[in-house]
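Colleague: need a structure here:
(2 chains)
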Amino acid sequence: KNQVEQSPQSLIILEGKNCTLQCNYTVSPFSNLRWYKQDTGRGPVSLTIMTFSENTKSNGRYTATLDADTKQSSLHITASQLSDSASYICVVKKGGSYIPTFGRGTSLIVHP
Amino acid sequence: DGGITQSPKYLFRKEGQNVTLSCEQNLNHDAMYWYRQDPGQGLRLIYYSQIVNDFQKGDIAEGYSVSREKKESFPLTVTSAQKNPTAFYLCASSIKTVYGQGILLNTEAFFGQGTRLTVV
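Modeller: Okay, here's the model as predicted:
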């Protein structure tokens, strides 16, 4: 079982609408959690990082939340744009480990 | 520009051939990684290197080999022993993570643009 589970697997929304992507993890001990955006055929790019003591962090129209007690994170996208169409990957770093654990990603399609 | 460069972008391999994927970075990062990405799956770690002349196997190292002769370069060879090599390959680099005194916990991995390998 993957230690980082993302939902939904895919999502289609209309331009201008908001959406929320979920990430549940069992990685322990927890060090940090990153959200990456990956455009089709390109490498992932970091959107935001959350550490244990942080509950919310924003990056423009992207807002990430973290509940370290329930081991859940969400990525909220407001006023979606066509350029938001991409895969969003949740990545959790285990304390004491060099190597992060990747979720399978949520594929977001924004239609005009 | 500082960054991490993968080449080629597309690569075709015949059955039984070895091929080498290039990864170069000018970010002065100590750590470099190779990942494989298949549709519907998360990135899976093939090999990683924390320092020149040293590298470690990841979760799916069988059929692959790497070298780290220079800090800037971490080429990946897909050998004929890799039975299902068709995939999207991503190289990444980061500041070396140090534990103990002088901990760097939140190091970001910077990714290249990927190489799509297809067996023909």
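
Colleague: in chain A, what residue is nearest chain B?
Modeller: Closest to chain B within chain A is residue A:43: 3.2 Å, counting by C-beta to the nearest C-beta. In short, each C-beta sits where N, CA and C put it, glycine included.

Colleague: quick one: secondary structure of that residue?
Modeller: Under the three-state scheme (DSSP: H, G, I helix; E, B strand; the rest coil), residue A:43 adopts coil.

Colleague: residues contacting residue 65?
Modeller: In the absence of a named chain, this looks at chain A. A:50, A:55-56, A:73-74, A:76 (C-beta atoms under 8 Å, 6 or more residues apart in numbering or on different chains).

Colleague: Not quite, go with chain B.
Modeller: B:76-77, B:79.

Colleague: what residues are up against the spatially most central residue of chain B?
Modeller: Most central in chain B under C-alpha atoms, centre = their mean is residue B:34, positioned 2.0 Å from the mean C-alpha point. Contacts for residue B:34 (C-beta under 8 Å, 6+ apart) come out as B:21, B:23, B:45-48, B:58, B:64, B:66, B:74, B:76, B:89-92.

Colleague: if you skip the residues just before and after it, what's nearest to it?
Modeller: residue B:46 (4.3 Å; C-beta to C-beta, 6 or more residues apart in numbering or on different chains).

Colleague: same check, this time on residue B:41
Modeller: Residue B:41 sits nearest to residue A:104 (C-beta to C-beta, 6+ apart), 5.8 Å away.

Colleague: Do I have it right that that neighbour meets residue B:43?
Modeller: No - Residue A:104 is beyond contact range of residue B:43, at 9.1 Å (criterion: C-beta atoms under 8 Å).
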